[in-house]
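Peer 1: Attaching a predicted model along with its sequence, questions to come.
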Amino acid sequence: MRIENATLADGRVVDVRVEDGVIDAVGDLDPADGEEVIDADENLLLPGAIDVHVHFREPGFEHKETWETGSKSAAAGGVTTVADQPNTDPTTTTGEGFDAKAERATTSCIDYGINGGVTADWDPDTLFDRPLFALGEVFLADSTGDMGIDADLFAAAAERAGEADVPVTVHAEDADLFDESAIEGDLGGAGRDADADAWSAYRRADAEEAAVERAVRVGGETGAQVHIAHTSTPEGVDAARDGGATCEVTPHHLFLSRDDCDELGTYGRMNPPLRSETRREAMFERLADGRIDVVATDHAPHTVDEKDQSLLDAPSGVPGVETMVPLLLGAAVEGDLSIERVRDVVATNPADIFDLPRKGRIEAGADADLALYDLDATREIRGDDLHSKCGWTPFEGFTGVFPEWTMLRGETVWDGESFGDVAGENVRA
Ligand SMILES: NC(=O)N[C@@H](CC(=O)O)C(=O)O
Ligand SMILES: [Zn+2]
Ligand SMILES: [Zn+2]
């Protein structure tokens, strides 16, 4: 197969030859006899995105999402590899828990990795026997699933990960610094009427910096490779960088702030929570100038019925895997960041940080995980159009650029209207 006239992120217009699911050549290619040709019409060809932080909820919470629905949502947003997080039921904190998820993940239509998790009753011996994508997210404070652990267990877990040469991803919030007084009393109703801003006041911004500092210190002491998940504050990003760790930011911390809490209500409750508009701008600046390594979604679907409760009853988390690349390309079209930055933060950097040598690049020898985008075809994001089982998005009404098609190892997994019958594989197996 030859993809003709594709514009790469660096502006070059090239042809891409794909053989047996792998990119064979990139450049000005002579047609070969009988070869299938796809005309890219000078549209933008990006490597399939790698979202290193999703919660696809299976096993245990199939009413929120499944590997099938989550992976389809990803493919329709140009994502071809995901890493799934451990707070399922059972948790992936034992070899058996890992195996239970691995069995379900075979229904994914994109490639994937499965993380191991840490709880007081984890079983590192059987867990590290499995092909872990990473150890994490390791919860330094409780979030959905109440998997928060103490400092000693974190240090012990980092030690094991360092020995096994498995990266550690960290949910960095220090619960000792949370302000309980912010969530006392009348919080103003349920759902869209709720005062979700109180959640931001409760899980204070400085609780992130303190936890990041601890995580990078433990990383230094144990030799573990530390990656900070979903940083939400510029202070957290700077502390990660200063300590030699890599970090990711979510689309919601880039495109939403406490100013949106009024409209989002409990739908805007997540951990770490939305921050001030000033901090959001500082995060975007760090994304654009290269201080943030990765954008990952923390795709955390919950149903409308679950979210439409009082602030204290609604679960934390928002979906995002389908809208990540569209939102970033929308920002690039507006001139807020370069297309090369978009490529780096969603594909090349996650591939490098998490050691996926065949992913994240359009070059000979890489897997033909590709997505094509028409930058003139911006459209409004609508929850009804998305494919996650949860059926809503915090980005309703935002503008994005969705893929014309998405390919996994040379097979069309999304053609802009429907899904192909494509089988994802575990990238570590
Ligand atoms: N981010 C969230 O608010 N929720 C996540 C868990 C997590 O990533 O902390 C979830 O699984 O629902
Ligand atoms: Zn988290
Ligand atoms: Zn998460």
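Peer 2: All right, it came through fine. Ligands and ions are numbered 1, 2, ... in the order given.
Peer 1: And the helices in the stretch 151-300 of the chain, which stretches?
Peer 2: Here the stretch 151-300 of the chain has its helices, by DSSP state H, counting those that start in this stretch, at 151-164, 197-202, 206-222, 234-242, 251-255, 261-264, 277-289.
Peer 1: wait, the stretch 301-429 of the chain
Peer 2: Applying DSSP H, counting those that start in this stretch to the stretch 301-429 of the chain gives helices spanning 304-307, 324-333, 339-343, 349-353.
Peer 1: Tell me the residues of the chain that contact ligand 2?
Peer 2: Counting by CB under 5 Å from the ion, the chain comes close to ligand 2 at 137, 143, 171. Backbone N, C-alpha and C define where each C-beta goes, glycine included.
Peer 1: Could you list which of the residues you listed also contact ligand 1?
Peer 2: Among the residues of the chain next to ligand 2, proximity to ligand 1 is found for 137, 143, 171 (CB under 6 Å from any ligand atom).
Peer 1: ok, how many other residues are close to the first one?
Peer 2: With neighbours defined by other CB atoms under 10 Å, the count for residue 137 comes to 28.
Peer 1: Check the protein for the residue nearest ligand 2 and tell me.
Peer 2: Evaluated by CB to the ion, the chain has residue 171 as its residue closest to ligand 2, separated by 3.5 Å.
Peer 1: show me where pLDDT drops low in the stretch 101-250 of the chain?
Peer 2: Within the stretch 101-250 of the chain, no stretch has pLDDT under 70.
Peer 1: let's go with 90 and repeat that
Peer 2: For the stretch 101-250 of the chain, the stretches flagged by pLDDT under 90 are 185-189, 193-196.
Peer 1: give the contact list for the closest residue to residue 208 other than its chain neighbours.
Peer 2: Once flanking residues are discounted, residue 208 sits nearest to residue 236: 4.2 Å by CB to CB, 6 or more residues apart in numbering. By CB atoms under 8 Å, 6 or more residues apart in numbering, the contact set of residue 236 is 172, 208-209, 212, 228, 247.
Peer 1: which bits of the stretch 101-250 of the chain sit near ligand 1?
Peer 2: Counting by CB under 6 Å from any ligand atom, the stretch 101-250 of the chain comes close to ligand 1 at 137, 143-144, 171.
Peer 1: Among those residues, which one is most surrounded by other residues?
Peer 2: Counting by other CB under 10 Å, top hit in these: residue 137 with 28 neighbours.
Peer 1: Contact partners for that residue?
Peer 2: 53, 85-86, 115, 117, 169-171, 229.
Peer 1: Shouldn't it be within a strand?
Peer 2: Yes. Assigned with DSSP: H, G, I helix; E, B strand; the rest coil, residue 137 falls within a strand.
Peer 1: how close does it get to ligand 3?
Peer 2: According to CB to the ion, to the nearest Å, residue 137 stands 5 Å off from ligand 3.
Peer 1: quick one, which of the helices of the stretch 151-300 of the chain is nearest to ligand 3?
Peer 2: helix 251-255 (11.7 Å).
Peer 1: Around the nearest residue to residue 128 once chain neighbours are set aside, count how many other residues there are.
Peer 2: Distance criterion CB to CB, 6+ apart; nearest residue to residue 128, sequence neighbours excluded, is residue 164 at 4.9 Å. Around residue 164 sit 15 other residues, with neighbours defined as other CB under 10 Å.
Peer 1: Touching, residue 112 and residue 84? I think so.
Peer 2: Yes. Checked against CB atoms under 8 Å, the pair residue 112 and residue 84 is within contact range at 6.3 Å.
Peer 1: Give the residues shared as contacts by the two.
Peer 2: Joint contacts of residue 112 and residue 84 (CB under 8 Å, 6+ apart) are residue 105.
Peer 1: Against ligand 1, how distant is the closest residue in space to residue 89 that isn't next to it in sequence?
Peer 2: In space, and not counting its chain neighbours, residue 89 is closest to residue 60: 2.7 Å by CB to CB, 6+ apart. Distance, residue 60 to ligand 1, by CB to the nearest ligand atom, to the nearest Å: 11 Å.
Peer 1: tally of neighbours for residue 60?
Peer 2: 16.
Peer 1: residues contacting it?
Peer 2: With CB under 8 Å, 6+ apart as the criterion, the residues that contact residue 60 are 88-90.
Peer 1: one step back: I'd like to know how far the residue nearest to residue 128 sits from residue 134.
Peer 2: Distance, residue 164 to residue 134, by CB to CB, to the nearest Å: 11 Å.
Peer 1: Same check on residue 302?
Peer 2: Separation of residue 302 from residue 134 (CB to CB): 24 Å.
Peer 1: and if you look at residue 158?
Peer 2: Residue 158 is 12 Å from residue 134, by CB to CB.
Peer 1: And for residue 145?
Peer 2: Counting by CB to CB - residue 145 and residue 134 are separated by 17 Å.
Peer 1: And those two? Which one has more around it.
Peer 2: Taking neighbours as other CB under 10 Å, residue 145 and residue 134 compare with residue 134 leading, 27 against 19.
Peer 1: That one and residue 84 touch, don't they?
Peer 2: No. Using CB under 8 Å, residue 134 is not in contact with residue 84, being 10.4 Å away.
Peer 1: which neighbours do the two share?
Peer 2: Residues touching both residue 134 and residue 84 by CB under 8 Å, 6+ apart: 113, 115.
Peer 1: contacting residues for the residue of the stretch 151-300 of the chain found nearest ligand 3?
Peer 2: In the stretch 151-300 of the chain, the residue that lies nearest ligand 3 is residue 298 (4.3 Å; CB to the ion). If you count contacts by CB under 8 Å, 6+ apart, residue 298 has them with 53-55, 229-230, 250, 252, 270, 317-318, 320.
Peer 1: what about residue 17, which helix or strand?
Peer 2: Assessed by DSSP states H and E, residue 17 sits inside strand 13-19.
Peer 1: gap between that strand and the chain center?
Peer 2: With CA atoms, centre = their mean, to the nearest Å as the basis, strand 13-19 stands 28 Å off its chain's centre.
Peer 1: Now the element after that strand, going C-ward?
Peer 2: strand 22-27.
Peer 1: With adjacent residues omitted, what lies nearest to residue 97?
Peer 2: Take residue 97 and drop its neighbours on the chain: the residue closest to it by CB to CB, 6+ apart is residue 90, 4.2 Å away.
Peer 1: gap between the one you found and ligand 3?
Peer 2: Counting by CB to the ion, the gap from residue 90 to ligand 3 is 17 Å.
Peer 1: mind checking the SS state of that residue?
Peer 2: coil.
Peer 1: between the residues of the chain next to ligand 2, which is closest to ligand 1?
Peer 2: Closest approach between these and ligand 1, by CB to the nearest ligand atom: residue 143, at 3.1 Å.
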